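Peer 1: structure for the following, please:
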Amino acid sequence: MVLALGQAVSAAPNMPGHIEGGKVTTTTAVVHWGAPLVEEGVHVFYDVQLRRR
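Peer 2: Residues are numbered from 1 along each chain as shown. Alright, predicted model coming up:
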């Protein structure tokens, strides 16, 4: 379960739209993605994390 803006949400958001990689450096990477198809104009936020191999 996820807690978002004081509301408990029991389902994950839809997948993001088209994903495209941009400029990559030793400390940063740019990633663009389209908005997911969601009902009722709900805003969806993603937490992007980096894991080193």
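Peer 1: you'd agree Glu20 is up against His32?
Peer 2: Yes. With contact taken as CB atoms under 8 Å, Glu20 and His32 are classed as touching, separated by 4.9 Å. For every residue, glycine as well, the C-beta is placed using N, CA and C.
Peer 1: can you give me the neighbour number for Asp47?
Peer 2: 4 (other CB atoms under 10 Å).
Peer 1: which of the helices and strands in this protein ranks last by mean pLDDT?
Peer 2: One helix or strand of the chain scores below all others by mean pLDDT, DSSP states H and E: strand 2-4, with a mean of 47.
Peer 1: which stretches in this structure count as strands?
Peer 2: In order along the chain, the chain carries the following strands (DSSP state E): 2-4, 7-9, 19-24, 29-33.
Peer 1: could you tell me the least trusted of these?
Peer 2: Per-stretch averages of pLDDT across those put strand 2-4 at the bottom, with a mean of 47.
Peer 1: Gly22 touches Ala29, doesn't it?
Peer 2: Yes. Under the criterion of CB under 8 Å, Gly22 is in contact with Ala29, at a separation of 7.4 Å.
Peer 1: which of these two has more neighbours?
Peer 2: Set side by side, Gly22 and Ala29 give different neighbour counts by other CB under 10 Å, the larger being at Ala29 (12 against 9).
Peer 1: any idea what that one is bridged to?
Peer 2: Val24 (DSSP bridges).
Peer 1: does Trp33 touch Gly21 like I think?
Peer 2: No. Contact status for Trp33 versus Gly21: not in contact, 10.0 Å apart, counting by CB under 8 Å.
Peer 1: so which of these two has more stuff around it?
Peer 2: Shown here are Trp33 and Gly21; by other CB under 10 Å, Trp33 has more neighbours (13 against 9).
Peer 1: who's in contact with that one?
Peer 2: Applying CB atoms under 8 Å, 6 or more residues apart in numbering, we find Trp33 in contact with 16-20, 46.
Peer 1: let's see that with 10 Å instead.
Peer 2: When the contact criterion is CB atoms under 10 Å, 6 or more residues apart in numbering, the partners of Trp33 are 15-20, 46, 48.
Peer 1: who wins for neighbours among the residues you listed?
Peer 2: Of the contacts of Trp33, Pro16 is surrounded by the most neighbours, 15 neighbours in total, counting by other CB under 10 Å.
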